[in-house]
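Provided below for reference: sequence and predicted model.
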Amino acid sequence: MGTGIISRRVYLSSFSWNTLGFSVAANILLPWKSHFGQLLTRTVHQEVNVIESKTPETDDQAVLYVHWPYCAKRCTYCNFNKYVSESVDHERMAQCLETETRTLLKLSGVKQINSIFFGGGTPSLALPSTIERVINTVRDKVTFKPGSEVTLEANPTKLETERLRDFKTVGVNRVSIGVQALNQNHLNLLGREHTVEQSISCVKKAGALFPGRVSVDVIFGRPKQTLEDWRIELHRVLSFCDDHISLYQLTLEAGTPLYRWVKEKQCELPDSDTMADLYSEAIQILGDHGFERYEVSNFARNGAQCSHNWAYWRGMQYIGVGPGAHGRFSIQDGGGPREARIQTPLPDTWMTEVENRGHGTRKSEPLSNQQRLEEMVILGLRTIEGIPSSRWNRLSRNQDLISVFGNSEKVRNMVENNLLYLDESGLRASSHGLMVLDSIIPHLLNVLEKNITVK
Amino acid sequence: MLTQFKFIWHQGVLKRYIQKSLSRRNLLKHTRCFSCAPTLNEKKKVIPDLSQFPVENIRNFCIIAHIDHGKSTLADRLLEVTGTISKSDKNEQVLDRLQVERERGITVKAQTATLFYSYNGQSYMLNLIDTPGHVDFNYEVSRSLTACQGVILLVDANQGVQAQTVANFYLAFEADLTIIPVLNKIDLKNAKPEVVMEQMKNIFEIEPKDVLKVSAKLGTGVNELLEAIVERIPPPKADVMKPLRALVFDTYYDQYRGVITDVAVIDGCIKKGDKLQSSNTKKSYQVQDLGIHQVDEILTHCLYAGQVGYVVMNMKNVKEGQIGDTLVHEGSDVQPHPGFKQAKPMVFAGVYPTDQSKYDELRSAIEKLTLNDSSVSIHIDHSPALGQGWRLGFLGLLHMDVFQQRLEQEFSANVIVTAPNVPYKVKIFGAKNIKMYGGEEVTVLNPCLMPEQEIIKEYYEPLVRGTIIAPDDYVGEMTNLCLGRRGVMKEQIYIDSKRIMFTVILPLNEILVDFYDDLKAVTSGYASFDYEDHGYVPSNLVKITYLLNGKEVEELTMINHVTTARTLARRVCLKLKENIPRQLFKISVQAAVGGNIIAREDIPAYRKDVLAKCYGGDITRKTKLLKQQAEGKKKMRAIGNIDVPKDVFITVLKK
Ligand SMILES: Nc1nc2c(ncn2[C@@H]2O[C@H](COP(=O)(O)OP(=O)(O)OP(=O)(O)O)[C@@H](O)[C@H]2O)c(=O)[nH]1
Ligand SMILES: C[S@@+](CC[C@H](N)C(=O)[O-])C[C@H]1O[C@@H](n2cnc3c(N)ncnc32)[C@H](O)[C@@H]1O
Ligand code: SF4
Ligand SMILES: [Mg+2]
């Protein structure tokens, strides 16, 4: 654990968690929830470990996302903003990333950066010196406490594995490795460049370099994936992984080869029930090995949760630097409204803009109060802590969660059916609710839209 | 729709028609000479002086045909050849301007266009009306005919005479109009002009020598057709010196200008500033603008006897725009035109605002749209579950679909449409009951309002007389299909050496949804079908209700013949299962007759519905997606805690 991060139990006794995966709010205030009392007796209390930044959620701090837009090859499922280029101009890109980092830090007026995340694309293909220059820019301009989380996404090819030590040297202290699958056929279908063996050796080497701070990305719901294969695969992942696993259900993204194949019926994804089985099984198996699902697709043990991602889910400020990067921050020392910002997506255009006018921001739009609350619902509910009342009330001063959601028949129904918990401490999804969140949230957004007075 | 007499081979009538059309050709010899037509084909459009077109130089005609035989495409060519629009490959059914027409590639509204055409040193004003071919929009055809003296009867040279060709022929024939028979699509490799002309000879007694041949696609034969229009169709019988009579044959609503009326000026003339009076309402209006339709509206100063155009007169109240009305000059006591027969709706469905607070908006949208579609009948309806709404009568399911789509596209309305049903009748007994229902015979437009079974003496269901035209190879399959639908076969007539025209009496309920699809399926697509009202017969009917988690779904209540009730109920339950998306809760689907469950299905709850990755970068996209879903949810019908997509009530009926 980094020194900037502490681990503590989330909002007091109102929060509990049981091994069945059903959690129950302890202080029952709303009449329709009275029957929870029975459930409560079955509840096995267990502490939920949620890391939280020591510092409060204020606008003079932010986290920084840096986008490296290049990959060696396109994966068949991926529609991220990434480009395959014969000749990446490393020097030029490094220069531009530095400039943009400086520009946006200044614009945002933040005094402190709490974490940095190098994502992509494939940032493990960037030169360590590039990474170093960005980190140093941050250190030069604002407070960046020693030990603050610096994550780098890495693909487990041999080349990149060999560079891990250099990345560590320049300040990276956490890596997220795209293992995706331990089945060579699946890796081929997904268009990955590495082999199963290379993945394993990369994770092991990373584990030695960054003990307790290595994450692996695994994609499930692949064509023809069976529950039995998945069990074996997960156990195998558990045999070499560190303390953090991200499990992503394969999503069909329009415009990707995989999307086309599925549309043309050349391959088929597992049906919705199988997806549910695969996911439930993973929760179970990972749970047995001490991994807790702290967000829909993120699992950690020994306090290894990703502090950077928590910042997103908690609606804190983030600055996005690099082609196509998104950001959410207010300008002028936290005085102005929170803005949604996006950088120009094409790398060459982005660089030219940064060189010519000092920044590559394509669009910035102030977010209304309602939009911020919507994002809070969408992101917050994905986590086990949900939306604590304290966070909600900071944005919605005259209407607390109960007054916005408590009177809705729909919400009441979901509470009665143990999908949601709503009480004075906050709003959150049950374990079952987390599985079907995308069916729940649209209802909540409608209720929010209808009831919120300060738009 | 076909009328009964058309199956009786009435030689006399046909002979008269042929003589008539021949003698009309001579009429033209007496035409007078007039100055040149204005050139309208250039960019700078001058206001045309319509006084240059006396009655003798006017031809008013419709293009009528079976669906897809190329009416609108022919209209494109006529517009191009006369220079009304410039020639371009991009001109595809330019008169089909409604979004629903473009999307579906069919005409649903008759559309007028005025063409100017010079022939033998004379300038003519040709008023063309492109009509829809589908039987559901037949009312458009019959109304358009009243503004015309002739028709182009278009027949696809490959498909030959089809059911709506026959129906439309008789509409024109009964209206005493000159018929110009035209074979279209002669460019097609497998066109069979000889066979088709034989059919036309057999059914309509049209001599092959009178038949023109065109390719609307390529423009072949279009000049000859224009000549024939001038030569064969008589000018309107109209007198510009008589007091004004203008028949309103179509109306539509414009947000800024109010009700706009399309008129055929029978006598007299209308000019800007005139005070006009409606013969129906006696209300007076001042003419603000008037003109003719080309593809767009073209302003003119006057409209003269025999001409067809539009009139804007600050009519803000939608209810005052009535088709069939005669406009006269204020204070005139001239005899109005008798107007039109009301359309007879075949199917009824409840239409409700998805959100009750939008009731008034929807009412105004329905009023405005029915102004442009007067074949829809309107009855107030209300239901405990759906609130205030209407029971609307349509000419068929396509009509209903199109109406709903137009409400949504042209008026941004958001509606729930219930499962459609045919109008049933019941005889009830008991003095008290009869008093309550206001008579011994009750017409049931809404199945939910069917009187209790205990007080019903007898049920009646509506019949239709259907006409099917198909190759004789399929007689067996067609007979089986009709018998399976409780049909009774009547006549069969050969229309050429291969093709048969059948008459069959069928319960309307049996042909409502998929009869035509099935017919096409068993005849490899060769059959065509048309039908008309054929009265009521006593029948053995039951009411089927559907329940979702025990809550009744009013929109789905159905009345059906007892013998097929269970099969229908099973099919609908299964369809509900397939069409209601899985949700957060398990759904039990049941069908009941009386208190008995006759079919059931379960829809399991969603077990997983949450997408994988969500981090800072894609929150914008994710939010957009979820907001879209939230919008979608708003448009659904909530039954208990279940969200049902609105179109389910109709899709469940389809195979
Ligand atoms: N090959 C060929 N195709 C034609 C010709 N005329 C029309 N078509 C095609 O036939 C189809 C139907 O044409 P439309 O003009 O929409 O037919 P319609 O009679 O107006 O149809 P409805 O208004 O829906 O009854 C279109 O695909 C046309 O391109 C022709 O002369 N030759
Ligand atoms: C965009 S990649 C960037 C990091 C690196 N290039 C890699 O591939 O590991 C981050 C992660 O997103 C996940 N991902 C990308 N596209 C996805 C999709 N269509 N469905 C599910 N997960 C996806 C993959 O698991 C991947 O590891
Ligand atoms: S998954 Fe990673 S490596 Fe593959 S294309 Fe996407 S960003 Fe590049
Ligand atoms: Mg058409």
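Okay, I see it. Ligands and ions are numbered 1, 2, ... in the order given.

report the buried residues of the longest strand anywhere in chain B.
Longest strand in chain B by number of residues (criterion: DSSP state E): strand B:456-471. Under the neighbour-count criterion of 16 or more other Cβ atoms under 10 Å in any protein chain shown, strand B:456-471 has B:456, B:459-470 buried. (C-beta placed from N, C-alpha, C; glycine too.)

that strand packs against which elements?
helix B:163-174, strand B:424-428, strand B:499-507, helix B:508-511, strand B:528-539 (3 or more Cβ pairs under 8 Å, 6 or more residues apart in numbering or on different chains; DSSP states H and E).

the third one relative to strand B:456-471, how many degrees between them?
An angle of 170 degrees separates the directions of strand B:499-507 and strand B:456-471 when computed by axes from the mean of the first three to the mean of the last three Cα atoms, to 10 degrees.

return strand B:499-507 as PDB; C-alpha atoms alone will do.
C-alpha atoms of strand B:499-507 as PDB (Å, rounded to 0.1, in the frame of the first residue of the first chain):
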ATOM      1  CA  ARG B 499     -55.200 -17.500 -63.900                       C
ATOM      2  CA  ILE B 500     -58.300 -17.800 -61.800                       C
ATOM      3  CA  MET B 501     -60.200 -15.100 -60.000                       C
ATOM      4  CA  PHE B 502     -62.000 -16.500 -56.900                       C
ATOM      5  CA  THR B 503     -64.600 -15.100 -54.700                       C
ATOM      6  CA  VAL B 504     -64.700 -16.300 -51.100                       C
ATOM      7  CA  ILE B 505     -66.600 -15.300 -48.100                       C
ATOM      8  CA  LEU B 506     -64.400 -15.000 -45.000                       C
ATOM      9  CA  PRO B 507     -64.800 -13.800 -41.400                       C
END
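
show me where the stretch 351-455 of chain A has strands.
A:361-366, A:387-388, A:420-423, A:426-429 (DSSP state E, counting those that start in this stretch).

could you say what helices and strands the shortest one packs with?
Judged by 3+ Cβ pairs under 8 Å, 6+ apart, strand A:387-388 is in contact with helix A:369-380, strand A:426-429.

give me the contact list for the shortest one.
By Cβ atoms under 8 Å, 6 or more residues apart in numbering or on different chains, the residues outside strand A:426-429 that reach it are A:11, A:14, A:23, A:377, A:380-389, A:391-392, A:401, A:405, A:419-421, A:437, A:440.

which of those are buried, as a ChimeraX select command?
Selection of buried members from these for ChimeraX, criterion 16+ other Cβ under 10 Å:
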select /A:11,14,23,377,380,381,382,383,384,385,386,387,388,389,391,392,401,405,419,420,421,437,440
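
enumerate the residues of chain B near ligand 1.
When proximity is defined as Cβ under 6 Å from any ligand atom, chain B approaches ligand 1 at B:65, B:67-73, B:93, B:106-107, B:132-134, B:184-185, B:187-188, B:215-217.

so for chain B, which residue is the most central one in space?
By Cα atoms, centre = their mean, chain B has its centre lying nearest to B:Phe137, at 1.6 Å.

just the element for the residue nearest to that one when sequence neighbours are not counted, please.
Ranked by Cβ to Cβ, 6 or more residues apart in numbering or on different chains and with sequence neighbours excluded, the top spatial neighbour of B:Phe137 is B:Val108, at 5.4 Å. B:Val108 is part of no helix or strand, with elements assigned from DSSP states H and E.
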